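Undergrad: With the input below, show me the fold.
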Amino acid sequence: MTGLSEEQKRDLEAAAFRRLVAHLRERSDVQNIDLMNLAGFCRNCLSNWYRDAAEAEDIALTREEAREIVYGMPYDEWKARYQREASAEQKAGFENNKPRE
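TA: Take a look at the predicted model:
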């Protein structure tokens, strides 16, 4: 790997994050349960990680604010517009794949 500075790494990671968020906003047809079943994380996870990063830097950010950053709108609005009832197959897949505590 090339010798990237910490600043370059941060900038590239930030750009990749922004692109991921933009992609997820464009793909509102992909449900969170689909993401969870396939990849083990979803938009809510991403917003939680964002909030965790803010807290690590002593930046106050509510759960709702973090979700709005990821969803591009208030979470309740996104759910009303795009979220569908999960099928029995999706629910079964989630039960089989969800993280165990």
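
Undergrad: The host helix or strand of Asn96: how far from the chain's middle?
TA: Assigned by DSSP states H and E, Asn96 belongs to helix 88-97. Taking CA atoms, centre = their mean, to the nearest Å, one finds helix 88-97 lying 19 Å from the centre of the chain it belongs to.

Undergrad: Skipping adjacent residues, who's closest to Gln83 in space?
TA: Nearest non-adjacent residue to Gln83, counting by CB to CB, 6 or more residues apart in numbering: Gln31, 6.8 Å away. C-beta here means a position set from N, CA and C on the backbone, and glycine is covered the same way.

Undergrad: can you tell me which residues contact that neighbour?
TA: By CB atoms under 8 Å, 6 or more residues apart in numbering, the contact list for Gln31 reads Tyr82, Gln83, Arg84, Ala86, Gln90.

Undergrad: Redo these as a markdown table? Include pLDDT.
TA: Formatted as a markdown table, the contacts of Gln31 follow (pLDDT from 0 to 100):
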| residue | pLDDT |
| --- | --- |
| Tyr82 | 97 |
| Gln83 | 96 |
| Arg84 | 95 |
| Ala86 | 94 |
| Gln90 | 92 |
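
Undergrad: Put the buried members of those residues into a PyMOL selection.
TA: With 16 or more other CB atoms under 10 Å as the criterion, this PyMOL line picks the buried residues out of the contacts of Gln31:
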select buried, resi 86+90
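
Undergrad: The contacts of Gln31 in helices, which ones?
TA: Using DSSP state H, the subset of the contacts of Gln31 located in helices is Tyr82, Gln90.

Undergrad: ok, which pair from the contacts of Gln31 is furthest apart?
TA: Tyr82 and Gln90 (14.9 Å; CB to CB).

Undergrad: What is the subsequent helix or strand relative to the biggest helix by length in the chain?
TA: Ranked by residue count and defined by DSSP H, the top helix of the chain is helix 6-26. Counting by DSSP H and E, the next helix or strand C-terminal to helix 6-26 is helix 32-39.
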